[in-house]
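Trainee: Curious how this folds, go ahead:
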Amino acid sequence: MKRNRYIAILLALVIAIVMMFVSRDRKRFFSHEGVVWTTDYHITYEASRDLNDSIQLILGNLDMSVSPYNKASLISAINENKATQADDFIKRLFNASVIINHESGGAFDPTVMPLVNAWGFGYKHGDLPTRAQIDSILQFVGMNKIALHGDSIVKQDLRVMLDFSSIAKGMACDEIGRMLARNGARNWLVEIGGEVMASGVNKRGTPWAVSVDMPDDQQQGVSHQSAMTLSLDSGAVATSGNYRKWRDEGNRRLSHIIDPHTGDSRTGTLLSVTVIARDCMTADAWATACMVMGENEVKKAMKERKDLGVMTISADTVSGSLVVWSNAPFADKINR
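Mentor: Numbering: from 1, shown residues only. As a prediction, this is how the structure comes out:
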């Protein structure tokens, strides 16, 4: 009798242990959201455990490395000439920036930050810059004025500064995606400030649906009127536009998109550019580059390109309507 009771207890214990491991390995969808770098993020993934601690670690490490708005970050120390040694994040961002700067004819340029500040769209604000002031700043803007030798950042002019804001959110999406994959997650979507990296399927078992916003003039509160929806089971989407962050000065509308060639606030008929790429860092940087390039140059450069899907939304100055253009790789991703 005692022996049977002992066996029953032992069997129950074994079953409990087995159930504990089975439940631990059973995957379910988790969702996290918050604010980082003054923008919202939303992350959804299927995993056997909550990975938010790892997500926060990545965001915190990136903030301490590449945020120019964090005075304690490494990039702030480099900009203030208090440090020259780059970490892995900065090296990867720098090397990617050199490539895209070259391919875009200089349209993408992370040394543009002094001009962004001068126009009042960075962390410094003041009167609008004069032409003489812009020309003075242009003397130390350009990727040819800074280099990476091993781990060391070398400046031709100590006034050169780096701002990876237009590529770092993309890197954050990539880094979080890699972490999720390392932890066994196959189905996930990471969105930070409109930049998206996705893998697999959603809860319904279908590819992730990523909405592309229609340009509007709403600065107070964010309006999300969808222009179209993309179907994404792998890769990244990033959008850049001049319709969110702008201000009127007299009869002139100023955009936060700054042309590194002329130093001017970039205005024109091009309202937004959405880019699809294999990784979000690339999509993020190219979306900004295309906004600087302008409507005609983007169409010319991207029409035959196979590795990037590109869509532009422009204003027709005659009819007042919006004009949408896309190349073939982008059209293939539209959820019809």
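Trainee: Going by C-alpha atoms from here, please, whenever you check contacts or count neighbours.
Mentor: Will do.
Trainee: quick one, helices of the stretch 101-250 of the chain?
Mentor: Listed in chain order, the helices of the stretch 101-250 of the chain (DSSP state H, counting those that start in this stretch) span 113-118, 131-138, 165-182.
Trainee: Export the ones you listed to a markdown table and append columns for mean pLDDT and mean neighbour count.
Mentor: Converted to a markdown table, the helices of the stretch 101-250 of the chain look like this (pLDDT from 0 to 100; neighbours: other CA atoms under 10 Å):
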| stretch | mean pLDDT | mean neighbour count |
| --- | --- | --- |
| helix 113-118 | 90 | 22 |
| helix 131-138 | 95 | 15 |
| helix 165-182 | 97 | 21 |
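Trainee: would a markdown table of those with distance to residue 156 be doable?
Mentor: Below are these laid out as a markdown table (distance: least, CA to CA, whole Å):
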| stretch | distance to residue 156 |
| --- | --- |
| helix 113-118 | 16 |
| helix 131-138 | 13 |
| helix 165-182 | 22 |
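Trainee: Just confirm residue 160 contacts residue 143, I think it does.
Mentor: No: using CA atoms under 8 Å, residue 160 is not in contact with residue 143, being 9.3 Å away.
Trainee: which residues are common contacts for those two?
Mentor: Residues touching both residue 160 and residue 143 (CA atoms under 8 Å, 6 or more residues apart in numbering): residue 111.
Trainee: With neighbour numbers in mind, choose between the two.
Mentor: residue 160 (25 against 21; other CA atoms under 10 Å).
Trainee: Would you confirm that residue 58 contacts residue 172?
Mentor: Yes: assessed by CA under 8 Å, residue 58 is found in contact with residue 172 at 7.4 Å.
Trainee: could you say which helix or strand contains residue 261?
Mentor: Residue 261 is part of no helix or strand when elements are defined by DSSP states H and E.
Trainee: Tell me where the model's unsure across this protein.
Mentor: 1-25, 123-126, 216-225, 243-253, 336 (pLDDT under 70).
Trainee: cutoff 50 now
Mentor: Residues of the chain meeting the criterion pLDDT under 50: 14, 16, 18-24, 218-222.
Trainee: which residues of the stretch 1-150 of the chain fall in strands?
Mentor: Under the criterion DSSP state E, counting those that start in this stretch, strands of the stretch 1-150 of the chain are mapped to 28-36, 39-47, 146-149.
Trainee: Buried residues, the shortest one. List them.
Mentor: Judged by neighbour count (16 or more other CA atoms under 10 Å), strand 146-149 contains these buried residues: 146, 148.
Trainee: elements contacting that strand?
Mentor: Under the contact criterion of 3 or more CA pairs under 8 Å, 6 or more residues apart in numbering; DSSP states H and E, strand 146-149 touches strand 152-155.
Trainee: List of residues touching the strand it packs on?
Mentor: If you take CA under 8 Å, 6+ apart as the criterion, strand 152-155 is touched by 78, 84, 85, 86, 145, 146, 147, 148.
Trainee: So what's the gap between it and the chain middle?
Mentor: 25 Å (CA atoms, centre = their mean, to the nearest Å).
Trainee: export that strand as CSV, just CAs?
Mentor: The C-alpha trace of strand 152-155 is given here as CSV (Å, rounded to 0.1, in the frame of the first residue of the first chain):
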residue,chain,number,x,y,z
SER,A,152,39.3,55.9,-34.0
ILE,A,153,37.2,58.7,-35.4
VAL,A,154,39.5,61.2,-37.1
LYS,A,155,38.3,64.7,-38.0
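Trainee: need the contact list for residue 261.
Mentor: Residue 261 sits next to 106, 107, 138 when contact means CA under 8 Å, 6+ apart.
Trainee: Could you measure from it over to residue 115?
Mentor: 11 Å (CA to CA, to the nearest Å).
Trainee: most packed of the strands of the stretch 1-150 of the chain?
Mentor: strand 39-47 (a mean of 19; mean count of other CA atoms under 10 Å).
Trainee: Just checking: what are the partner strands of that one?
Mentor: Partners of strand 39-47 in the sheet, by DSSP bridges, are strand 28-36 (antiparallel), strand 188-192 (antiparallel).
Trainee: now for those strands, which one comes closest to residue 48?
Mentor: strand 28-36 (6.3 Å; CA to CA).
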